[in-house]
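1. following is a predicted model, sequence given first.
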Amino acid sequence: MTDENTPGAAGGSAARRRRRGLARAGPFAAAAAVTVLLAGTAVAGGERETEHGFAEGAQFRILAPADPGGGWDQTAREMQAALRDQVGRAEVYNVGGAGGTIGLNQYARLPADPTELMVTGLIMVGAIETSGSEVTMDDTTPLARLTTDYEVIVVPEGSQVRDLADLVDLMREDLKAVSIAGGSAGGVEQILAGLIAQEIGADPAEVNYIAHAGGGELLSTVLSGRSTAAVSGVSEILPQIEAGRLRPIAVSSAERLPMLPDVPTLRESGVDVELSNWRGVVAPAGISREEERRLEDLIMTMARSRGWQEALDRRGWGDAALAGPEFEHFLQAERKRTTEVLDRIGLT
Amino acid sequence: MSGAANPPGSAAPAGAAAAPAPVPEGDDRHGHQASIGLGALMLAAAAATLVDAAGLEGGSALIGAGAFPTVVALLLIAAGAALIVRSLAKLRGAPAVGPALRARLVRLAALIAALVVFAGVLPYAGFTLSSALLFTAAALLLGAPHPWRTAAYGWTLAGLLFLLFDVLIGLSLPGGPWGF
Amino acid sequence: MAEIASLIDGFGAALSPVNLLWALLGVTIGTAVGVLPGIGPALTVALLLPLTFRLDPAASLIMFAGIYYGGMYGGSTTSILLNTPGESASIVSALEGNRMARAGRGAAALAAAAIGSFVAGTLGTVGLTFLAPVVAGIAVDFGPPEYVALMALAFVTVSALLGRSLLKGGASLLIGVTIGLVGIDEQSGDARLSFGLPALLDGIDVVVVVVALFALGETFTRLMRGTGGETVEPVRDRAVLSRSDWRRSWPAWLRGAALGFPIGSLPAGGAEVPTFLSYSAEKRLSKHRSEFGRGAIEGVAGPEAANNAAAAGVLVPLLTIGLPTSATAAVILTAFQSYGLQPGPQLFSESGPLLWTLIASLYIGNVMLLVLNLPLVRMWARLLTIPAYAIYAAVLVFATLGTFASGGTATDLLVLYALGLLALLMRTAGVPVAPAVVGLILGPLLEQELRRALALSQGDPAILVSSPLTITLWVLMLLALALPAVARLVRRDVGAAPAREEGEEAFTRS
């Protein structure tokens, strides 16, 4: 492109004329070469897809409604790898923000194409309520639940609080004086804090909940020792627990977790609450019953595959594969419970 | 600000960037008009922020979601008003510059239109074609001399970007009916 | 020192010809994505991750290290040459760097940035190698009150960025803070200034604002002025860096690195804040203060060094407490985990050779970037011989590509255009745009941390001065306010020699 800035100059000699001729032909030759390359890759790309029987063999696309690096992104990328044997190369793309509702909004506008999937989970169910999104889970076809991640309540290592009973006593005494740090407003951590308050007869709206956008900010508040307690996903905070910087006092699962065998569940500690940060997958609304059934088979086959089971181990996720009507009942129940507690916290 | 519009191509390898402006940026007539416009915009933004903040529920928090926006809005009002007052006072004495403002506004409008059209057709016409068209339109509006050669450059650039990001790195760009 | 022996082993694993090729590929890709506004290393590493599962772990770690450092480096090239930063951390480099480029000193600015990146990147990596556990120990003491003090300090020092007129600079800062209000409020979950538009719920991405204010603003301004046919003389000096450039740059590099590494290692630090602080420090300490705003080389050297040292600093919390503090770090964490490297407090004691391979590859990536970029400085600067119409048409394509690629929709593009028009209005009015980005980055941090701190103390403001760290930071802030006067006194003490030198330089320059 550098020869371009002398258009007005008069070319005298033959050599200069040749050079100008080249300058004139050059861009067109380059454009032609690029076109050939583009056409070449477009044709070659067409041959890469395997025959999976959906939408004439089109490539699967998985929407991760969060930025790269988070739980939904990881789920989508593990699915991409685990689905490879069945559907060939799938594509993952990220539309992050607002608890996944921005991704959901975009997803709901897609045509009823069974090769378009989206990762979802409890956080999205809550975010739909708190953000007052007009698009809801009804605008998708729920396929399956895949994983669970449990929450753990921790206190700084030097804290006076020894167990959950201590924390509950403090909360009963003066709810506002107990600061609980956790993830984004309306997210799983706040829902859990609200559920606990509700269970011990306190007003969920009065919980002194300190919201954080990401794991980094949350840890900076907790490790500085300024909050009474914190709620976090187990896998995110496990390294700090193992290093002895934070002390776990309860987990939100129904039974004790293999990675924290000495930590009691909320139920054992006398608070009748159970909560799992589940993640699953949905298809667009309006796909046919037949397509829905086959997609559910596809996902469940993936969930049993060796590759997927290895991914669960590597990430520390619980296997929670559940599809069909059972998943839809589960989803309805989760929506109801989430809406209720968010209502009482005053976030809807 | 250089006085008359340069005829395209005539200012080939010019020495320094822009000839040193006789008046500091923003102190000519257009600058003061722009300052007044910006001040007005800030006042409007402040009004919107105040209305928005008033609509937020206080909740149980000590400092609610509306507190910080209210402070920002008040500061916006102060700064916006100061900009307007200062520029109004100086507007009369400011040197007038650059005729042909209307022609330039038309060019700006044309570029905006090209950008909006680009946003509209991108999902349908694919990345390479839409970007090539955007490049060509923008370059011509900015004063490129040779339409066809510019279009060839645009196509080459867009094609290379597509090859690099879509094919090599795997970032999916809108493909259009022909795959690129 | 056990570290040194392990590090040598790490180099042994990393320094094979094949791995050097991977490093080269990594830094090349990293530089390319860093140059393009909106496509950062985070997205690139996430996209490449599945492709590298079959690679040797050392090879992919080396490539990722190259992409990571390369991305930090690439952002400054366009920032200096075209006044269009590729990343938010290179905004400050545009202030002085672009002035230098317009005066025919683009190659010098690029070289100062390249060598500064290398020096600071290497110093940062050395810090990571030997000081990581210590720094991490201090970093975890940073809670909300400390952040409030740090942000207040940053806000005070950015006055150096405001430009000639306090009113206009302040207006720009406020515009940025207002843009930062858009989106869901973290503490309450309420949507602010979103007008029911889903695209605004998550706020306006810093990258979009940077691209709009700089790239689009520059393009629109050129269009309005009819200066599209111009070119800039790319290289005026014979030597890339003159002796006086060297003398002025090296203290700036060291200071930049000293600011960047610790702030980068804070759990909510980021790479932008140290660049702001470095710029104001250089401006206050410089003997050539009058050159600031017209192309002072310290103003490029310091912030660039800060930015790259911060990139190394970000790895401190990542490796020592398993805490990713940026999107890129989060993706790199995923990569580590897939190779069985579990970052966290036990990493240094338990994970052995692979960690040292990674650290060795950070050194290699840094050298590779210098080798790749320094000889190319003059070639990059010759980019400026391309007429402006071609450059800015291409910038528009890059800008829209970047916005669209990061999950954007047509609405995001419209937001981008609207902000571009705002930038045109600001530029016409003589209002600088850089403070707006500063306000956009610092405003939300200050607000959220202040509200968190006060919620923790149930409204008692005493929490803001409740620890030695907070008090230190507040004292630093007062010092920053008083520094101009102090600096004047110090300069008087130093005596006549520097003053004469300054006079000479001013004479030869004019």
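-> On my side now, so go ahead. No experiment lies behind these values; they were computed from the predicted model shown.

2. and the residue lying closest to C:Ala89 once chain neighbours are set aside, what does it touch?
-> Leaving aside its chain neighbours, C:Ala89 sits nearest to C:Ala271 (4.0 Å; criterion: Cβ to Cβ, 6 or more residues apart in numbering or on different chains). Any C-beta I mention is one placed from the backbone N, CA and C, and that applies to glycine too. Applying Cβ atoms under 8 Å, 6 or more residues apart in numbering or on different chains to C:Ala271 gives the contacts C:Met72, C:Glu87, C:Ser88, C:Ala89, C:Gly260, C:Gly264, C:Ala306, C:Asn307, C:Ala310, C:Ala311, C:Val314, C:Ser326.

3. ok, the fourth one - contacts?
-> If I follow you right, that is C:Ala89. C:Met72, C:Gly75, C:Gly270, C:Ala271, C:Glu272, C:Thr275, C:Asn307, C:Ala310 are the contacts of C:Ala89 under Cβ under 8 Å, 6+ apart.

4. confidence score at the fifth one?
-> The predicted local confidence for C:Glu272 comes out at a pLDDT of 80.

5. state the distance from it to C:Ser88.
-> 5 Å (Cβ to Cβ, to the nearest Å).

6. check the contacts of C:Ala89 and tell me the two furthest apart.
-> C:Gly75 and C:Gly270 (13.9 Å; Cβ to Cβ).

7. which of these two has more residues huddled nearby?
-> Each of C:Gly75 and C:Gly270 has its neighbours counted (other Cβ atoms under 10 Å in any protein chain shown); C:Gly75 has more, 33 against 21.

8. surely the more buried one is in contact with C:Val35?
-> Yes: using Cβ atoms under 8 Å as the test, C:Gly75 is close enough to C:Val35 to be in contact (7.1 Å).

9. who touches both of those two?
-> C:Gly86.

10. the contacts of C:Ala271 in helices, which ones?
-> C:Met72, C:Gly260, C:Gly264, C:Ala306, C:Asn307, C:Ala310, C:Ala311, C:Val314 (DSSP state H).

11. looking at these, state which has the most neighbours.
-> C:Ala306 (39 neighbours).

12. not counting sequence-adjacent ones, nearest residue to C:Thr219?
-> C:Tyr392 (4.4 Å).

13. what about chain A, any weak spots by pLDDT?
-> Where chain A drops to pLDDT under 70, the residues are A:1-24, A:43-53, A:55-57, A:69, A:214-216, A:348.

14. could you pull out the helices for the stretch 1-150 of chain C?
-> Remark: helices assigned in the stretch 1-150 of chain C by DSSP state H, counting those that start in this stretch are C:2-14, C:17-35, C:41-52, C:57-82, C:91-102, C:106-139, C:144-157.

15. those helices into JSON lines, with extra columns for distance to chain B and mean pLDDT?
-> Output for the helices of the stretch 1-150 of chain C, formatted as JSON lines (distance: least, Cβ to the nearest Cβ, whole Å; pLDDT from 0 to 100):
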{"stretch": "helix C:2-14", "distance to chain B": "24", "mean pLDDT": "79"}
{"stretch": "helix C:17-35", "distance to chain B": "7", "mean pLDDT": "82"}
{"stretch": "helix C:41-52", "distance to chain B": "5", "mean pLDDT": "70"}
{"stretch": "helix C:57-82", "distance to chain B": "10", "mean pLDDT": "81"}
{"stretch": "helix C:91-102", "distance to chain B": "4", "mean pLDDT": "86"}
{"stretch": "helix C:106-139", "distance to chain B": "11", "mean pLDDT": "85"}
{"stretch": "helix C:144-157", "distance to chain B": "12", "mean pLDDT": "83"}
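
16. so which of those comes closest to A:Val119?
-> Here helix C:41-52 is closest among the helices of the stretch 1-150 of chain C (Cβ to Cβ), at 14.2 Å.

17. pretty sure A:Gln59 is in a strand, no?
-> No: A:Gln59 is assigned coil when assessed by DSSP: H, G, I helix; E, B strand; the rest coil, not a strand.

18. B:Arg86 contacts C:Ser165, doesn't it?
-> No: counting by Cβ under 8 Å, C:Ser165 is not a contact partner of B:Arg86; they are 9.5 Å apart.

19. up against chain C, what does the stretch 51-200 of chain A have?
-> Contact residues, the stretch 51-200 of chain A versus chain C (Cβ under 8 Å from any Cβ of the partner chain): A:67-70, A:73-74, A:77, A:80-81, A:93-98, A:101-103, A:105-106, A:130-133, A:176-177, A:179, A:184-186.

20. in strands, which of those fall?
-> A:Tyr93, A:Asn94, A:Ser179 (DSSP state E).

21. that older thread, pick out the most distant pair among the ones in helices among the contacts of C:Ala271.
-> Pairwise distances across the ones in helices among the contacts of C:Ala271 (Cβ to Cβ) peak at 12.6 Å, for the pair C:Ala306 and C:Val314.

22. now do the same contact list for the nearest residue to C:Tyr363 once chain neighbours are set aside.
-> In space, and not counting its chain neighbours, C:Tyr363 is closest to C:Thr125: 5.7 Å by Cβ to Cβ, 6+ apart. Residues near C:Thr125 by Cβ under 8 Å, 6+ apart: C:Ala312, C:Ile359, C:Leu362, C:Tyr363, C:Asn366.

23. and the fourth one, how far from chain B?
-> In other words, C:Tyr363. Distance, C:Tyr363 to chain B, using Cβ to the nearest Cβ, to the nearest Å: 25 Å.
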